[in-house]
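Trainee: Mind looking at a prediction? Sequence and model below.
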Amino acid sequence: MRLALLGLAGSLLIASSLSCGDEESTDPSQNASLDGGGTGDGSITEDGSTGSLDGAGLSDGATTLDGGAVDGSTLSDGGPVLPPPRLVCTPPVALANTSVPTTKVGTGTPASCTDAALHAAVAAGGVVTFDCGPSPHEIVVQTPLAPPTNKDTIIDGAGTITLSGDGKVRILQLIHSFEKASPTVTVQRLTFTKGRSTDVPNTTATTKGGAALYTLGGNLTVIDSVFTDNHGPDTGQDVAGGAIYNVGAGATVIVGSRFAGNTCSNGGAIGALGSALSIVNTTISGNQTTGSGGNPGNGGNGGGAVMDGQGKTLTICGAVFTDNVGAAYGGALFRTSYENEATTIDKSVFDGNRVLDNPNSQAGAVYLQGTKITMTASSIVNSQARFAAAMSVYEHGVPAPGQIDMTNVTIANNATYTRTDFTTRGLVGGITVGDRVLGTWTNVTIAYNAAQFASGIGGVSNRLTIRNSVIRNDAQNLYTPLNCNGTPPANGDHVIQFPASNSAGAEAPCVSGAQLVDPKLGPLVGLPGEQKVRRPVAGSPLLGLGTTCPATDQLGKARPATGCTAGAVEGI
C-alpha cells in the first residue's frame, strides 16, 4: 500500500517548466515540459523583477471569518468574507437526516460539550449531533477526531458548532487504505478553524495535508460548512490542502460551503490525490499556497484547490474563486490528469486570483493538464501572472492530449505583470493552449487582457474552432502579434477581432475570416461573487452576428437560434 501511494504521489502536480516572453519568443505553447522533462524554446529574460505585487502574506482581501454561527442556508454571517453564491446549481447531495442521532454530544450546556465527549461520539460513528445550549459554541480538540473505518459517520453542527485545532493539531482524520472507496464521512453545518499539520521542509510525504480534514481512503461529503485559518505544511511536492485533503480511491463532494485564509504547500484550501472532486455552490476566497517550484519542485500549485487523479472527474458548478494566490501554477485551481478525464466547470466565477511573480510560474486563475474540459456560463477576470494571466491548458503525454470546449465564457481584464522594460514582460493575458490540445469555443468573449503580446490567446492553431466570438485585447509590444500567436488562424466563423493592425502592418487573423473591426464593448460589470461580463454597446458589430447559437447566454438569457449576439452575453 505504501509503495502504491508513493507511486501515485510521485506523479502529483506534474507541471510544465515554462518561461515566458522576451523578443526571442514566438510560441509560448511550445514552452511546456509536460512530463517533467523537456525544455521550452521561448524563455523570458529573467530580470529579477518582482513586478507590481510583492507576494508578501496572503491576498489583500479579508482572510478570516468572525467565528459566528451559520444558518445552514446562505451561510452569510455578516463577516468580511464573501458568502457562498446563491443556489446556482442543483446540489448533488442534500443535508443528511440527523433527527435520530446515534450520539448526542452534551446535555444542554456548553460545559457538557467537551473534547472527550466529542472524541467518543465520533469514534463510535453513526450520526453525531450536539446539545450545547442555544448559543454558538466552540470545542477545541486536543488530538484529531478519528471516525471508524467500518461504518459511515455524519457530524451535524446545526450551524452553531465550531471545531478548532487551536493552531496546534489537525481536527479530524480518517486513516483507512488508499484503495478503499468507503466509508463516507459527512460533516455539515460546522465551522472548522485553526487546524494545523506540519512536516519537515520540502517533504515528499502526503500524510500531513488537510489541516482540518484528512482522509486516506473513503469518501468525504461537506455541506454548508466553513473552513478558515487552517494551515498545512509549508513546502513539499505532493502535500496539499490547507483545509481538506482526500487521498485515495473515494470522492470529495463539497456543497454550499466557504473556505477562507487557509494555506498549504499546494491547494491552499482543498487537495485531492487519486480521488474525484466536486465543488458546488461554494466560495473559495483568500487562500494561498506556500510551496514553490511546482513539481519537480516543492509545490505552490493551486492557490484555492489542487487535484491529481487518474480515472477521476473534477466537477465545479456555481463556485466562486476569488483572491486566491498560487506560487507556481494556477492561482485558483490546478488539475493534472492522465487519460483525458473529464473536467466540468459551469456557472462559476474566477475573479482576482493570481500567481506570484516567480520564475517559470503561470496561470493566474486556472491550470489544467491532460483533461477534457467543458466550460460553460463562467468568467475568468482580473487575474495576474507572469505568463498566461488567466488560464493554461496543456496535454499530458500521449494518452491525454487535452481538450477545452467553451460556451458562453468571458475571459477579460487579466494581465501579466508589467516590467520597466516592456520587452521582458510575459506573454498571453488570456488563455494559452498546448500544441496538441483540441477545442471548440462558441460565444466566447476574450477581451481587454494585457500582456507584452499575444494578449488574448497563446498557441492558437487549426486545432481550435472559434465561433460567434470576440477577441479584443491590449498588447504593449506593437511590433508583434497583438491578440494571438502560435500558428493561426483557427477554424471558425462569425468572429470579431481588434485591433486591426500593429506597428508592423495588418494584424493576422486569429480565426479564419475574422472581421478586424472595433467590437465596441462596454466595461466589465458584475456584483462581487457573481458573473462578470463585458456587454456590447449600441452600434456594436457583435449584435446579431452569430449563427447556430446556444439556447441561452452566460447569464441565462434566451438567445435566438440565429442572429444572436457574438460573445458571451446577449444584447446590450
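Mentor: Alright, I've got the coordinates. Residues are numbered from 1 along each chain as shown.

Trainee: Hmm, I223 and V93 touching each other?
Mentor: Yes: when contacts are counted by Cβ atoms under 8 Å, V93 is listed as touching I223 (6.5 Å). Bear in mind the C-beta positions are built from the backbone N, C-alpha and C, glycine included.

Trainee: Quick check on those two: which one has the bigger neighbour count.
Mentor: I223 (23 against 16; other Cβ atoms under 10 Å).

Trainee: what's across from the more buried one in the sheet?
Mentor: The partner list for I223 in beta bridges (DSSP bridges) reads Q188, V255.

Trainee: ok, so what distance separates it from V187?
Mentor: Distance of I223 to V187, given as Cβ to Cβ, to the nearest Å: 7 Å.

Trainee: ditto for N449
Mentor: Distance of N449 to V187, computed by Cβ to Cβ: 39 Å.

Trainee: Grab the most central residue of the chain for me.
Mentor: The chain has L333 as the residue nearest its centroid, 2.4 Å off, counting by Cα atoms, centre = their mean.

Trainee: tell me the mean pLDDT for stretch 392-410?
Mentor: The predicted model gives stretch 392-410 an average pLDDT of 97.

Trainee: Okay, buried residues for it please.
Mentor: For stretch 392-410, a neighbour-count test (16 or more other Cβ atoms under 10 Å) marks 392-396, 400-410 as buried.

Trainee: again with stretch 505-521
Mentor: For stretch 505-521, burial by neighbour count (16+ other Cβ under 10 Å) applies to 507-511, 514-516, 519-521.

Trainee: that older thread, mind listing the residues bridging to the residue nearest to the centre of the chain?
Mentor: For L333, the beta-bridge partners under DSSP bridges are A305, V366.

Trainee: and if you look at A251?
Mentor: With beta bridges defined as DSSP bridges, A251 has these partners: A276.

Trainee: Tell me who's in contact with it.
Mentor: By Cβ atoms under 8 Å, 6 or more residues apart in numbering, the contact set of A251 is 181, 219-220, 275-278, 312.

Trainee: go again using 10 Å as the cut-off
Mentor: By Cβ atoms under 10 Å, 6 or more residues apart in numbering, the contact set of A251 is 181, 184, 218-221, 272, 275-278, 309, 312-313, 315.

Trainee: Same check on R463?
Mentor: Neighbouring residues of R463 by Cβ under 10 Å, 6+ apart: 401-403, 433-439, 486-487, 490-491.

Trainee: Also G210?
Mentor: G210 makes contact with 144, 170-174, 195, 197, 216, 220, 230, 232, 239-247, 264, 267, 270-271, according to Cβ under 10 Å, 6+ apart.

Trainee: Restricted to buried residues, select those in PyMOL.
Mentor: In PyMOL syntax, the buried subset of the contacts of G210 is picked out as below (16+ other Cβ under 10 Å):
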select buried, resi 144+170+171+172+173+174+195+197+216+220+230+232+239+240+241+242+243+244+245+246+247+264+267+270+271
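
Trainee: List the residues that are in contact with both of V93 and I223.
Mentor: Residues touching both V93 and I223 (Cβ under 10 Å, 6+ apart): 186, 188, 253-256, 280.

Trainee: so which of those residues is the most crowded?
Mentor: Going by other Cβ under 10 Å, I254 tops these with 29 neighbours.

Trainee: Distance of it relative to T440?
Mentor: Distance from I254 to T440, counting by Cβ to Cβ: 29 Å.

Trainee: Please name every helix or strand in contact with the helix ranked longest in the chain.
Mentor: Ranked by residue count, the top helix of the chain under DSSP state H comes out as helix 115-124. Judged by 3 or more Cβ pairs under 10 Å, 6 or more residues apart in numbering; DSSP states H and E, the packing partners of helix 115-124 are strand 103-105, strand 126-130, strand 137-140, strand 153-164.
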